[in-house]
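# Got a predicted model here, sequence first, then my questions.
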Amino acid sequence: MKRTCFIFLLFLLSLILDAASLKVSPGGFLVQNISPGKTYNLQETSRIKLSIFNDDTSTHTYALSVQKPSSVGNWEKGYLEIPDPAWCWFSPNDISIGPQQVGYGNLFFKIPDKEIYYNQRWVATIGILGKQERGIGFGLGIYVRVQIETEPKDESSAPPDGPIGIGPSLASFDNIVPGETYSQIVTIFNNESEKSSFNITSLSKYPDIKPSTYLTSSYEQIPDPTWISLEKEKLTIDPQASKILAIKISIPKQGEFSDKKFEEILFVEPEKGRPGFIRVRITTAKEVSQQP
């Protein structure tokens, strides 16, 4: 499968979060194509800074930490908690910021170099918490969720980690011609000890979910989800087994759909437990002018 590779892609989910005199930007973000075994510095790799604004009239020190999202609330559909928050860290993990000043958190990522950690979707939560000063608890804090997607991989020596394995996690249709039909296959693994059925449902069927939470920067949601067809919308898979899901794409032969970048999310929803998802990415070819 031909695949466009991004070393590291960050998409701002919201501009800013604030708690009284403490503000943080971005208010959440998505990092993609993280290769297991490599160390990433958020600021150096993406040129995006985790900015911390102290709008108070006094200097304050903030503790920066990474934890599982369940420790502070819910998280996005289709993602699991990061198995070990220590795979993400700040250096330094404390930062002092003067009054009406801004400081920057230096966030790092390193996923262990194991085959099972390709094709993963995780969430980690960043905590920015005011530290106790002169015996007085400062008390302000903000939590920012980070959606982490590891490098997609077509073939692996072991099923992807987690209750549901998906390989590859990205179905990429590159430079396709409107009016033609294209297909790819994705393998769904049931890594649990019980037989289970999985419904395949598009993001478009969830009007309460903001597409911007999932879409890669510069991509728009596919205008019509019926352009994507599945051989089966429900798979029943034995324990520790897998099945193939065929995905077909057919975009109408109209000039307005040439030279476009679309995405759709296909949730893989088990009978019990949290779902996973397949990211479907489409780029269409430029329209060829007809010579008289």
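That came in fine, so what should we check first?
# Can you spell out which residues form a bridge with K110?
T39 (DSSP bridges).
# actually L30, sorry about that
Bridge pairing for L30 (DSSP bridges) gives the partners F11, Q147.
# Which pLDDT value goes with it?
L30 is assigned 92 on the pLDDT scale.
# Can you get me a residue count around it?
Neighbourhood size, L30 [other Cβ atoms under 10 Å]: 23. All C-beta atoms are positioned from the backbone trio N, CA, C, and that covers glycine.
# Verify the contact between it and A124 for me.
No - using Cβ atoms under 8 Å, L30 is not in contact with A124; the gap is 11.7 Å.
# Give the intersection of the neighbour lists for the two.
Common neighbours of L30 and A124, using Cβ atoms under 8 Å, 6 or more residues apart in numbering, are V146.
# Can I take it that L129 is in a strand?
Yes - according to DSSP: H, G, I helix; E, B strand; the rest coil, the state of L129 is that of a strand.
# Check the burial of it by counting its neighbours.
16.
# and it, what is it in contact with?
With contact set as Cβ under 8 Å, 6+ apart, L129 has these partners: 62-63, 65, 140-141.
# of all those, which comes closest to S172?
Checking the contacts of L129 against S172 by Cβ to Cβ gives S65 as the nearest, at 34.8 Å.
# Pairing partners for the nearest residue to that closest one once chain neighbours are set aside in the sheet, please.
Leaving out its chain neighbours, the residue that sits closest to S65 by Cβ to Cβ, 6 or more residues apart in numbering is G127, at 4.5 Å. Beta-bridge partners of G127, counted by DSSP bridges, are S65, Y143.
# Tell me how far G127 lies from N54.
From G127 across to N54, the span is 16 Å (Cβ to Cβ, to the nearest Å).
# ok, now K234?
K234 is 52 Å from N54, by Cβ to Cβ.
# before we move on, the earlier item: how deep is the residue nearest to S65 tucked in, by neighbour count?
When neighbours are defined as other Cβ under 10 Å, G127 has 17 of them.
# show me what contacts it?
63-67, 72, 141-143 are the contacts of G127 under Cβ under 8 Å, 6+ apart.
# Can you list the residue ranges for helices in this structure?
Per DSSP state H, the chain carries helices over the ranges 42-46.
# circling back to that earlier point, the contacts of L129 in strands, which ones?
Counted as lying in strands by DSSP state E, out of these, are 62-63, 65, 141.
# What is the nearest of these to F109?
S65 (14.6 Å).
# And for that closest one, the neighbour number?
16.
# Let me see the contact set for it.
90, 93, 126-127, 129.
# what residue ranges in the stretch 1-150 of the chain score low on pLDDT?
1-20, 133-139 (pLDDT under 70).
# Can you add distance to S250 and give the ones in strands among the contacts of L129 back as JSON lines?
As requested, the ones in strands among the contacts of L129 are exported to JSON lines (distance: Cβ to Cβ, whole Å):
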{"residue": "Y62", "distance to S250": "51"}
{"residue": "A63", "distance to S250": "52"}
{"residue": "S65", "distance to S250": "47"}
{"residue": "G141", "distance to S250": "49"}
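# Among those, which one has the most neighbours?
Busiest of the ones in strands among the contacts of L129 [other Cβ under 10 Å] is Y62, holding 24 neighbours.
# correct me, but that one touches L50?
No - taking Cβ under 8 Å as the definition, Y62 is not a contact partner of L50, at 11.3 Å.
# re the thing from before, most widely separated two among the contacts of L129?
Comparing every pair within these by Cβ to Cβ identifies S65 and L140 as the most remote, at 14.5 Å.
# Enumerate the beta-bridge partners assigned to the closest residue to K232 other than its chain neighbours.
Spatial nearest neighbour of K232, excluding adjacent residues (Cβ to Cβ, 6+ apart): L245 at 7.0 Å. Taking DSSP bridges, one obtains V186 as the residues bridged to L245.
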